[in-house]
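Chemist: Provided below for reference: sequence and predicted model.
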Amino acid sequence: MCFDFFSCAVSGSRTARRTFEFGRTYVVRPKAKHQATIVWLHGLGDKGSSWSQILEALPLPNIKWICPTAPTRPVALFGGFPCTAWFDVGDISEDAPDDLEGLDAAAAHVANLLSTEPADIKIGVGGFSMGASTALYSATCCVLGKYGNGNPYPINLSAIVGLSGWLPCSRTLRNRVEGSQEAVRRAAYLPILLCHGLGDDVVAYKHGEKSAQTLTSAGFRNLTFRTYNGLGHYTVPEETDEVCNWLSARLALDGSRS
């Protein structure tokens, strides 16, 4: 579960579209009244089953968890070595090019998984590392009402959780959101929880901190950023407890702790 980074074969033509074959999806059914559904996205080189086992053990009986598996593709960061990845990246920095096609495909896959949930069920997206980045990209699509390619985004998200991740497309986000009054309004109300360890040697803490600052300056006012001393590129009970408390409160789940 602590593998994690990025991927994608570059198209041989500027106009050719890549096809993405997503892996197996694992579902954790709610143990009590179904009140919310969250798609949870793994990190690079991992698969949905790893996180489904962790999520099933959390004291959140009202949540249905959907844990998809990313496509297997060459990873630029690893010199083209293939593994599961939601999108392609060769470096984590604001100067690195963003794989919009891969990000759009991943965000659309997530939206499709949530599209058949009942209307009275609150829906959200969360993830670890590269999965967290995909969740944040989904958040930007939600508030803008469209994917990066301009196609309409069909889902209204109620919560976003990102652990040990970073924000893709951060260079253009603020201008895109500020260009739409509706996007500004949506951004102000979408709850986001970001958690990052100071000891992360895979996705450095500075990237998580900068992502939180960029989102806040872009209008995401309902954002919580939590820092963990000594935490590397993995999760710990203190962090998952934070996630449980936050989701219970933000989604007003039965037995909410706050």
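Modeler: Yep, that arrived.
Chemist: shaky segments in the stretch 1-150 of the chain?
Modeler: Across the stretch 1-150 of the chain, the ranges flagged by pLDDT under 70 are 1-18.
Chemist: now do the strands in it.
Modeler: 26-28, 36-41, 63-67, 72-75, 81-84, 122-128 (DSSP state E, counting those that start in this stretch).
Chemist: possible to save the ones you listed as JSON lines with distance to Gly232?
Modeler: To be clear about C-beta, it is placed using only N, CA and C from the backbone, and glycine gets the same treatment. Output for those, formatted as JSON lines (distance: least, Cβ to Cβ, whole Å):
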{"stretch": "strand 26-28", "distance to Gly232": "25"}
{"stretch": "strand 36-41", "distance to Gly232": "20"}
{"stretch": "strand 63-67", "distance to Gly232": "22"}
{"stretch": "strand 72-75", "distance to Gly232": "21"}
{"stretch": "strand 81-84", "distance to Gly232": "20"}
{"stretch": "strand 122-128", "distance to Gly232": "12"}
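Chemist: those into CSV, with extra columns for mean neighbour count?
Modeler: Shown next, in CSV, are the strands of the stretch 1-150 of the chain (neighbours: other Cβ atoms under 10 Å):
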stretch, mean neighbour count
strand 26-28, 18
strand 36-41, 26
strand 63-67, 24
strand 72-75, 20
strand 81-84, 17
strand 122-128, 26
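Chemist: what is the neighbour count of Arg250?
Modeler: Close neighbours of Arg250, defined as other Cβ atoms under 10 Å, add up to 22.
Chemist: same question, the one 4 residues further on
Modeler: Neighbour count of Asp254, defined by other Cβ under 10 Å: 10.
Chemist: which residue packs closest to it, ignoring adjacent ones?
Modeler: Of all residues not flanking Asp254 in the chain, Asn62 sits nearest, at 5.5 Å (Cβ to Cβ, 6 or more residues apart in numbering).
Chemist: how far away is the one you found from Gly102?
Modeler: The spacing between Asn62 and Gly102, counted by Cβ to Cβ, to the nearest Å, is 33 Å.
Chemist: the more surrounded of these two?
Modeler: Ranked by neighbour count (other Cβ under 10 Å), Asn62 and Gly102 place Gly102 first, with 26 against 21.
Chemist: wouldn't the more buried one be in contact with Phe20 here?
Modeler: Yes. Judged on Cβ atoms under 8 Å, Gly102 makes contact with Phe20 at a distance of 7.4 Å.
Chemist: which residue lies nearest the spatial centre of the chain?
Modeler: Geometric centre of the chain, nearest residue: Ala135, 1.7 Å, by Cα atoms, centre = their mean.
Chemist: for that one, list the residues it contacts.
Modeler: By Cβ atoms under 8 Å, 6 or more residues apart in numbering, Ala135 lies in contact with Leu41, Val125, Gly126, Gly127, Ile160, Val161, Gly162, Gly165.
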